[in-house]
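Engineer: Only the shape, not the letters, is given here:
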C-alpha cells in the first residue's frame, strides 16, 4: 500500500496489521479481530517527516538520492520563506521566481531525509538568511511537502 498525501498536508500511511484475539463471551471461542491498516499523520506528529520523505520517493522511485547544492539550498530557503510569508501560502508564484526549481527541490528533499533535526536546522537557517522568526519544524515540513508536491506535477 502506498502513502497518500492529502490536500491538507496529512499523510495516510500503512501500518503493520496486528492480530488481536478476543474471547467471545457466548461460546468461549477466540475471535480474531484486525487492527486498522492505515494511520493518518499530521505535520509535526512523530513519524511525519520520515513518511513525507518516503512519499516523495514513492512519487519517483527511480530518482537518484537527493543532493543539495549551495545555490539550490539558497533558492530553497528563499522559496520556503516566500511561501511562509505569503498570505495564502501561494506556491506557484514562488516557484516561478526560481532560477533552478530542480536544484531547489533536491535541496528540500535532502532536508527531509534528515528528519526533524534537519528540518528544524533548515528553518533556523531560513530565518537567519531571510529574516524573521524560525518556522516551527512541522510548519516547515508542511511547506516542503506542498512545494515538492507542486514540483512533481
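Structural biologist: Noted; the coordinates are in hand. Quick caveat, the model's predicted, so the values are computed rather than measured.
Engineer: Could you use CA atoms for every contact and neighbour count after this?
Structural biologist: Noted.
Engineer: and the residue nearest the centre of the chain, what pLDDT?
Structural biologist: Central residue check for the chain by Cα atoms, centre = their mean: the C-alpha nearest the mean position is that of residue 52, 3.3 Å away. The score at residue 52 is 84. That number is its pLDDT.
Engineer: Ok, the one 4 residues further on next?
Structural biologist: What the model reports for residue 56 is a pLDDT of 83.
Engineer: ok, now which ones touch the closest residue to it other than its chain neighbours?
Structural biologist: The shortest distance from residue 56 to any non-neighbouring residue, by Cα to Cα, 6 or more residues apart in numbering, is to residue 148 (7.4 Å). Going by Cα atoms under 8 Å, 6 or more residues apart in numbering, residue 148 touches 56, 105, 108-109.
Engineer: picking up where we left off before, my reading is that the residue nearest to the centre of the chain lies in a helix. Confirm?
Structural biologist: Yes. When the secondary structure is assigned by DSSP: H, G, I helix; E, B strand; the rest coil, residue 52 falls within a helix.
Engineer: Now it. Nearest residue, chain neighbours left out?
Structural biologist: Counting by Cα to Cα, 6+ apart, residue 52 lies nearest to residue 145, which is 6.9 Å off, once chain neighbours are set aside.
Engineer: so how many other residues sit close to the one you found?
Structural biologist: Applying the criterion other Cα atoms under 10 Å, we find 24 residues in the vicinity of residue 145.
Engineer: and it, how far is that from residue 16?
Structural biologist: The spacing between residue 145 and residue 16, counted by Cα to Cα, to the nearest Å, is 24 Å.
Engineer: Let me see the ranges of the strands in the protein.
Structural biologist: Counting by DSSP state E, residue ranges of the strands within the chain are 4-5, 11-14, 19-23, 30-34, 38-41.
Engineer: Least reliable of those by average pLDDT, please.
Structural biologist: In terms of average pLDDT, strand 30-34 trails the rest of the strands of the chain, at a mean of 54.
Engineer: looking at this protein, which helix or strand is least sure?
Structural biologist: Here the helix or strand of the chain ranked lowest by mean pLDDT, DSSP states H and E is strand 30-34, holding a mean of 54.
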